[in-house]
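In: Quick one, structure for this:
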Amino acid sequence: MGCACRHWRTGTLFQSGAASNTRGPHGGPYATVIRFEPRDVVAIRSQSLPPDHGTLARDYDGSPMAKSDHMQKRYDALVAEMKATHGFRVRRWRSAMTGCAWIVRYHNGEESRLIEAPYPRGPMSAAIFLHEVGHHAIGFRTYSPRCLEEYHAWRWSLEAMRERGLNVTEAVERRMAESLHYAVDKARRRGLKKIPVELLPYVQRPERKPKRRVTPKQTRRAAAVVVKPVVIPASPIAQAATSVRNAMRQLWLFGAGR
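Out: Numbers count the residues shown, from 1 in each chain. As a prediction, this is how the structure comes out:
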């Protein structure tokens, strides 16, 4: 009975485990699994997001998702093109803006390319989807160290968007910078001595713009007209009446004290 290694990669590094018990559908009882998970994958959700174009109103970066059928058809065509070109299968559409790409190689020589990603409905979800496709496009272990492979996958994703006229927002570029900074920082903690030239701009943590959400109540307050009170000086008669009233109050307090 053959033995296969199961390699799980989280972020930028591999951890080798024991023999895999993954069974192949074509006769071989075991398979070699190479799995990639980006830094922001915390757990696999139990529910997937079907490609229902009207489910969400906004993408991860806050930009409006495809409002028109024409724009959504472009995203649908993008998914179909990537599947036909790179021959992968989507195991599950994720509701979160996270992704995963891996290859299953069977002992009979066959292999399956798989990804999990959000269905493209806007710039951020399209970038993450293409990022996972990019790992299959450039090939696993083509670049070393692992953080360099992450850089090329992000670069491939953004170039694919620009070539097809899709909007690459500032939030998408910030997401790429944060992901690569995390990859570089993790690789350095794991003992990376020489940082590739391509990753030098991502050594420092990128600045993040504070998210300020304006509530409807704050909007109403901003729209309200602020009226400052106007102080009108008292007339001489009013001032004299006030003085008499204060004097009588002092005499009353003096008498009560006795």
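In: switch to C-alpha atoms for all contacts and neighbour counts from now on
Out: Will do.
In: contact partners of stretch 169-177?
Out: By Cα atoms under 8 Å, 6 or more residues apart in numbering, the list of residues contacting stretch 169-177 from outside reads Asp61, Pro123, Met124, Ala127, Trp154, Tyr202, Pro206, Arg208.
In: May I ask which of those has the most neighbours?
Out: With neighbours defined as other Cα atoms under 10 Å, the most crowded of the contacts of stretch 169-177 is Ala127; it has 30 neighbours.
In: secondary structure class for that one?
Out: Classification of Ala127 by DSSP: H, G, I helix; E, B strand; the rest coil places it in helix.
In: What about the contacts of stretch 169-177, which are in helices?
Out: Applying DSSP state H to those, the entries found in helices are Pro123, Met124, Ala127, Trp154.
In: from these, which is closest to Ile138?
Out: Proximity of these to Ile138 (Cα to Cα) peaks at Trp154, which lies at 10.8 Å.
In: which residues touch that closest one?
Out: Trp154 neighbours (Cα under 8 Å, 6+ apart): His131, Gly134, Met176.
In: Next one: it relative to Ser144, how far apart?
Out: Distance from Trp154 to Ser144, counting by Cα to Cα, to the nearest Å: 15 Å.
In: And Leu180, by the same measure?
Out: From Leu180 over to Ser144 (counting by Cα to Cα), the distance is 14 Å.
In: same check, this time on Gln204
Out: Remark: distance between Gln204 and Ser144 (Cα to Cα) = 21 Å.
In: returning to what we had before: with neighbour numbers in mind, choose between Leu180 and Ser144.
Out: Leu180 (26 against 12).
In: Buried residues, the lengthiest helix in the chain. List them.
Out: The longest helix of the chain (DSSP H) is helix 236-257. Judged by neighbour count (16 or more other Cα atoms under 10 Å), helix 236-257 contains no buried residues.
In: With just CA atoms, put that helix into PDB.
Out: The C-alpha coordinates for helix 236-257 follow below in PDB (Å, rounded to 0.1, in the frame of the first residue of the first chain):
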ATOM      1  CA  PRO A 236     -32.700  99.200  33.800                       C
ATOM      2  CA  ILE A 237     -36.200  98.500  35.300                       C
ATOM      3  CA  ALA A 238     -35.700  94.800  35.100                       C
ATOM      4  CA  GLN A 239     -32.200  95.100  36.800                       C
ATOM      5  CA  ALA A 240     -33.700  97.200  39.600                       C
ATOM      6  CA  ALA A 241     -36.500  94.600  40.200                       C
ATOM      7  CA  THR A 242     -34.000  91.800  40.400                       C
ATOM      8  CA  SER A 243     -31.900  93.800  43.000                       C
ATOM      9  CA  VAL A 244     -35.000  94.400  45.100                       C
ATOM     10  CA  ARG A 245     -36.000  90.700  44.900                       C
ATOM     11  CA  ASN A 246     -32.500  89.600  46.000                       C
ATOM     12  CA  ALA A 247     -32.500  92.100  48.900                       C
ATOM     13  CA  MET A 248     -35.900  90.900  50.200                       C
ATOM     14  CA  ARG A 249     -34.700  87.300  49.900                       C
ATOM     15  CA  GLN A 250     -31.600  88.100  52.100                       C
ATOM     16  CA  LEU A 251     -33.800  89.800  54.700                       C
ATOM     17  CA  TRP A 252     -36.100  86.700  54.800                       C
ATOM     18  CA  LEU A 253     -33.100  84.400  55.300                       C
ATOM     19  CA  PHE A 254     -31.800  86.700  58.100                       C
ATOM     20  CA  GLY A 255     -35.100  86.700  59.900                       C
ATOM     21  CA  ALA A 256     -35.500  82.900  59.600                       C
ATOM     22  CA  GLY A 257     -32.000  82.500  61.000                       C
END
